[in-house]
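Undergrad: based on what follows, work out the 3D shape:
(chains A and B)
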Amino acid sequence: MTSPNGNGHSAPEHVLLRIKRQKAPGEPPYWESFRVPYEPGMNVISALMKIRLNPVTAEGRATTPVTWDSGCLEEVCGACSMRINGIPRQSCTALVDKLEQPIVLEPFSKFPVLRDLMVDRTPMFDALKRIKAWVPLDGTYALGPGDKMAPELQQIRYKYSECMTCGCCLEACPQYNNRSSFIGASAIGQAYLFNEHPTGRNLKGDRLDVMMGPGGVVDCGNAQNCVRVCPKHIPLTDAIAAIGGQVTVHAIKKMLRF
Amino acid sequence: MTDTQYFLVRRVHSLLGVIPLGVFLFAHMTTNSMALFGQEAFDHKVALIHSLGPLLPFVEAAVIFIPLVLHIIIGIVIAHTGVSNTSDLGYGRNWAYTLQRWTGWIALAFLLYHTITLRFLDVAGGRANFFPYMSYLFRYDSLWMFWIFAYLAGGLAVIYHFANGLCTFCMTWGITVGPKSQRVMAGIAAVVGLGLVAMLVSSIVGFYVNAPIEAANWQSGIMLTGPN
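TA: As a prediction, the model looks like this:
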């Protein structure tokens, strides 16, 4: 049986999902299939909401509702990121009409799973602390207005400021895994963003120290998956090459001033 | 290891692949391709290298052996830090990344066999015998198809590893920053790589077509193929 959808095409009455689940951190994962009623224009999150309304597997067995993380529902917070048919992306902008079925949902494999599709992305925020991804302004007196920024530089930096720390770039990266301490593309992009800021530049040396050490930009393998999967189309590989160049200069200066 | 030391190790690996190893690869392939013009042309080129005389072992160590061993050791460590994921993300550069590691392993096996037999054990019995020895392997040995395949596979692996390495070298050092310049570099690397492949193929054709008479009755070839 079919029902019309918004495009005038006939659409299936049900949506099939295959979900990799996990009860708690460290527990073994298991797979469950679900068949939820189709609605025109639905996304993966609305499909997950249907499961929550009626947590019964495709085989008709009662189960627990699937847990996932989400926030803004408009692809700016990054919380609902997961692997959808093998591709790391946000589930809020993953439209069911555009996905092959069964829709395979998996939690990110590079972060600890808290439950089902919800992962702990704390390592990403720790990385931002490591590279001091901020403009140093705190002090005992007002510093006054900062330096002006050229519009050209504003344009370049704007793209990097769109990073929502979603983790897609890290999930896709062959060098970001438990065998390597690689910090990943998002942090390198942020190091570039703040190194190019007129005041943020004051911490450039600290950032480049992290970038030249173990886990820094030097551990990049140039597979360039990061830039392919980034939902915000941030030119991450430009930042990687640019930071690579900055690190070269920084290291030579460091070696000459001992 | 300090940050500076780690940086140096990684960048030394990157640099050695181009200078001197990439430069040497060119010199080596030029010599091999001379086989197309006959044994005399090939031997002349080999003699040119050996005209370094007593300096040769030092040049060999500085330009080939030490850089190669360092590049291999660091490369093996680097290869162990990666987990390939081309099955999910079949993007071009992701394949390039994975192939860089595969060709690294193939090149390692090939170069180990190549240097141990021809350089250290000297199975050919001196440089004057290089040409007939290769002709024997590629034309008259019972396993001739295997030798040609192994030579071709090993050569292609080394050439790919070098050509892709040129691209990643330029990214790593911040020479090609944007996607456009990286595409241009990929084109240049492809031309360089195809040039080297042409030299590789010429050498096979040369050793086969220009086989000297004594190659048919080569004896020390037994050392490699085992008693018949």
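Undergrad: need the pLDDT of B:Ser220.
TA: You'll see B:Ser220 listed with a pLDDT of 51.
Undergrad: for chain B, which segments count as helices?
TA: Remark: helices assigned in chain B by DSSP state H are B:3-18, B:21-33, B:39-50, B:56-59, B:66-79, B:92-114, B:130-135, B:144-172, B:179-209, B:222-225.
Undergrad: please apply the same query to the stretch 1-150 of chain A.
TA: With DSSP state H, counting those that start in this stretch, the ranges of helices along the stretch 1-150 of chain A come out as A:44-53, A:122-130.
Undergrad: so of those helices, which one's packed in deepest?
TA: Most buried of these by mean neighbour count (mean count of other CB atoms under 10 Å in any protein chain shown) is helix A:44-53; its value is a mean of 19. Using the backbone N, CA and C atoms, a C-beta is placed for each residue, glycine as well.
Undergrad: list the contacts of that helix.
TA: By CB atoms under 8 Å, 6 or more residues apart in numbering or on different chains, the residues outside helix A:44-53 that reach it are A:15, A:17, A:34, A:36-37, A:39, A:65-66, A:68, A:70, A:73, A:80, A:82, A:84, A:91-92, A:94, A:96, A:99, A:103, A:105, A:117.
Undergrad: if any of those residues are buried, put those into a ChimeraX selection.
TA: Command for ChimeraX that selects the buried part of the contacts of helix A:44-53, burial taken from 16 or more other CB atoms under 10 Å in any protein chain shown:
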select /A:15,17,34,36,66,68,70,73,80,82,84,91,92,94,96,99,103,105,117
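Undergrad: just the contacts of helix A:44-53 that are near chain B?
TA: With CB under 8 Å from any CB of the partner chain as the criterion, the contacts of helix A:44-53 include none near chain B.
Undergrad: could you list the low-confidence segments of chain B?
TA: Scanning chain B for pLDDT under 70 picks out B:219-228.
Undergrad: ok now do the closest residue to chain A within it, which residues does it touch?
TA: Going by CB to the nearest CB, chain A is nearest to B:Gly174 of chain B, at 2.3 Å. B:Gly174 is in contact with A:241-248, counting by CB under 8 Å, 6+ apart.
Undergrad: please pick the buried ones from those residues.
TA: Neighbour counting over those (16+ other CB under 10 Å) leaves A:241-248 as the buried ones.
Undergrad: which one of the residues you listed is nearest B:Tyr113?
TA: Nearest to B:Tyr113 among those: A:Gly244, at 34.9 Å, using CB to CB.
Undergrad: assumed the closest one was part of a strand.
TA: No: going by DSSP: H, G, I helix; E, B strand; the rest coil, the assignment for A:Gly244 is helix, not a strand.
Undergrad: wait, it sits on B:Trp173?
TA: Yes: counting by CB atoms under 8 Å, A:Gly244 does reach B:Trp173; the two are 6.2 Å apart.
Undergrad: skipping its backbone neighbours, what lies nearest the residue in the stretch 101-250 of chain A that chain B sits nearest to in space?
TA: Closest residue of the stretch 101-250 of chain A to chain B, CB to the nearest CB: A:Gly245 (2.3 Å). Ranked by CB to CB, 6 or more residues apart in numbering or on different chains and with sequence neighbours excluded, the top spatial neighbour of A:Gly245 is B:Gly174, at 2.3 Å.
Undergrad: list the residues that contact the residue most central in space within chain B.
TA: Most central residue of chain B, judged by C-alpha distance to the mean C-alpha position with CA atoms, centre = their mean, is B:Val158 at 4.3 Å. By CB under 8 Å, 6+ apart, the contact set of B:Val158 is B:25, B:103, B:107, B:110-111.
Undergrad: and chain A, which of those reach it?
TA: Checked against chain A using CB under 8 Å from any CB, the contacts of B:Val158 give no members in range.
Undergrad: could the residues you listed go into JSON lines alongside neighbour count?
TA: Output for the contacts of B:Val158, formatted as JSON lines (neighbours: other CB atoms under 10 Å in any protein chain shown):
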{"residue": "B:Leu25", "neighbour count": "20"}
{"residue": "B:Thr103", "neighbour count": "23"}
{"residue": "B:Ala107", "neighbour count": "23"}
{"residue": "B:Phe110", "neighbour count": "19"}
{"residue": "B:Leu111", "neighbour count": "15"}
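Undergrad: which one of those is nearest B:Pro132?
TA: For the contacts of B:Val158, the closest approach to B:Pro132 (CB to CB) belongs to B:Phe110, at 21.7 Å.
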